[in-house]
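Trainee: Could you look at this predicted model? Sequence included:
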Amino acid sequence: MAADVTFPAESVSTSGVVRGGPRRDLGAPGTRSTGRAKAVRIGLLVLFAVLVLVPLYVVVVTSLKGRGAVNPSSAWSLPTDLSLEGWRGAIERLAPAMGRTAVMAVVAAVLSSALGSMNGFVFARWRFPGAQTVFTLFLFGMFIPYQAVMIPLQAMLLDVQAVAPWFDGIVKLIAVHTIFGIPICTLIFRNYYATAVPKEILEAAKIDGAGMWRIFRSVVLPVSAPAFVVTLIWQFTSAWNDFLIALFLTNRNNGPVTYALNELAGGQNPDYAQIMAGVLLASLPTLLVYVLLGRYFIGGLMSGSVK
């Protein structure tokens, strides 16, 4: 009598395709490809991070060395004797300029953002003859290079300063950064109000008898925080990091921190430890702004991107 032979359970579908039986892992090749792609991405990210952080490492290490311990042969080595002499000198020389720069950057950011929000609301919700042409002219101001207008701008501001002597130094920079910041702030607020603020809310306020200024102040302004975060961060960093305008319009006694940093790096016998400490001090405020508020900056940019 023949022995019973047991076969794997199979089922035949109506189309004649045998189902069941041993299975093959069809996802394995794709999993391996995904793993390799992920490894490549991680490797590239690590490489880019190293390329970015290596100069920062040299700056930090150099700032902690004594003046006599800084030379090209030991630029990569850690300090044998930790010294804060460079930091003390940098703070002493840059502190007044950093105070002036903080006032200038904050005031210019607030003024340009406030004016940009009003302009953006008008262009987004008020259809008047020639609105598109005027808005295009506003945008044109974003593409004018500073170098092209710096000499006539300096001559014009000197004429203003002759009439109003107080219009000098940081006050002059506040006015210039505010004016140059209005076009980009107007564009950001215009896009935000046109996409992120429902039109029905504005129409309801108009039906209730609110005028244009009341609608802006009571309805639109309270929901404008995401756009304000973007413009304030953008304008603050632009004003803080500017050197070209400061070079033309100020001097070592009333200029911002970038001008003072340039003075710190000059001379026949530069103190590299002090210079590197000054670089870190000058870049610290903008670095903190992006580290602490970076997620709000991205969220504000995206809030007006879709409707």
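Mentor: Everything's here; your move.

Trainee: now stretch 289-305: mean pLDDT?
Mentor: Taken as a whole, stretch 289-305 has an average pLDDT of 72.

Trainee: Kindly apply the preceding question to stretch 238-256 instead.
Mentor: For stretch 238-256, mean pLDDT rounds to 92.

Trainee: Buried residues in that stretch, which are they?
Mentor: Of the residues in stretch 238-256, those with enough neighbours to count as buried (16 or more other C-beta atoms under 10 Å) are 238-242, 245-246, 248-250, 254-256. From N, CA and C alone the C-beta is placed, and that goes for glycine too.

Trainee: Take these and keep only those in helices.
Mentor: When DSSP state H defines the helices, the subset of the buried residues of stretch 238-256 inside them is S238, A239, W240, N241, I245, A246, F248, L249.

Trainee: For those residues, give me CSV that also has distance to P285.
Mentor: Formatted as CSV, those follow (distance: C-beta to C-beta, whole Å):
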residue, distance to P285
S238, 13
A239, 11
W240, 6
N241, 10
I245, 18
A246, 16
F248, 23
L249, 21
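
Trainee: Farthest-apart pair in these, please.
Mentor: In terms of C-beta to C-beta, those reach their longest pairwise distance at W240 and F248, which sit 17.2 Å apart.

Trainee: wait, doesn't R190 sit right on R125?
Mentor: No: the pair R190 and R125 does not pass the contact test of C-beta atoms under 8 Å, sitting 9.4 Å apart.

Trainee: what about those two, which has more around it?
Mentor: Neighbours around R190 and R125, counted as other C-beta atoms under 10 Å, are more numerous at R190. The numbers are 24 against 18.

Trainee: Leaving aside the residues adjacent along the chain, what's closest to the more buried one?
Mentor: Nearest in space to R190, with sequence neighbours left out and distances taken as C-beta to C-beta, 6 or more residues apart in numbering, is G120 at 3.9 Å.

Trainee: check contacts around that neighbour.
Mentor: C185, T186, L187, I188, F189, R190, N191, Y192, Y193, A227 (C-beta atoms under 8 Å, 6 or more residues apart in numbering).

Trainee: For the residues you listed, work out which two are farthest apart.
Mentor: Farthest pair in those (C-beta to C-beta) is C185 and Y193. Separation: 12.2 Å.

Trainee: quick one: contacts for the most centrally placed residue in the chain?
Mentor: Residue closest to the mean C-alpha point of the chain, counted by C-alpha atoms, centre = their mean, is W234 at 5.1 Å. For W234, the set of contacting residues under the criterion of C-beta under 8 Å, 6+ apart consists of G181, I184, C185, I188.

Trainee: ok, it to C185 distance?
Mentor: 8 Å (C-beta to C-beta, to the nearest Å).

Trainee: Give the rounded mean pLDDT of stretch 93-113.
Mentor: Predicted confidence along stretch 93-113 averages 95 (mean pLDDT).

Trainee: Next, the buried residues of it.
Mentor: Residues of stretch 93-113 classed as buried: 93-94, 97-98, 100-102, 104-113 (neighbour count, 16+ other C-beta under 10 Å).

Trainee: Could you list which of those belong to helices?
Mentor: With DSSP H as the criterion, helices contain 93-94, 97-98, 100-102, 104-113 from among the buried residues of stretch 93-113.

Trainee: Now name the helix or strand holding Q147.
Mentor: helix 146-163 (DSSP states H and E).

Trainee: Could you export that helix as CSV, CA atoms only?
Mentor: Extracted in CSV, the C-alpha atoms of helix 146-163 (Å, rounded to 0.1, in the frame of the first residue of the first chain):
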residue,chain,number,x,y,z
TYR,A,146,22.5,98.6,-2.5
GLN,A,147,25.8,99.3,-4.2
ALA,A,148,24.0,101.1,-7.0
VAL,A,149,22.3,103.7,-4.8
MET,A,150,24.8,104.0,-1.9
ILE,A,151,26.6,107.1,-3.2
PRO,A,152,23.5,109.2,-4.0
LEU,A,153,21.9,107.9,-0.8
GLN,A,154,24.9,109.1,1.2
ALA,A,155,24.7,112.5,-0.4
MET,A,156,21.0,112.9,0.2
LEU,A,157,21.3,111.8,3.9
LEU,A,158,24.2,114.3,4.4
ASP,A,159,21.9,117.1,3.2
VAL,A,160,19.3,115.9,5.7
GLN,A,161,21.9,115.8,8.4
ALA,A,162,22.9,119.4,7.7
VAL,A,163,19.4,120.5,8.5
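
Trainee: Skip ahead from it and say which helix or strand is next.
Mentor: helix 170-195.
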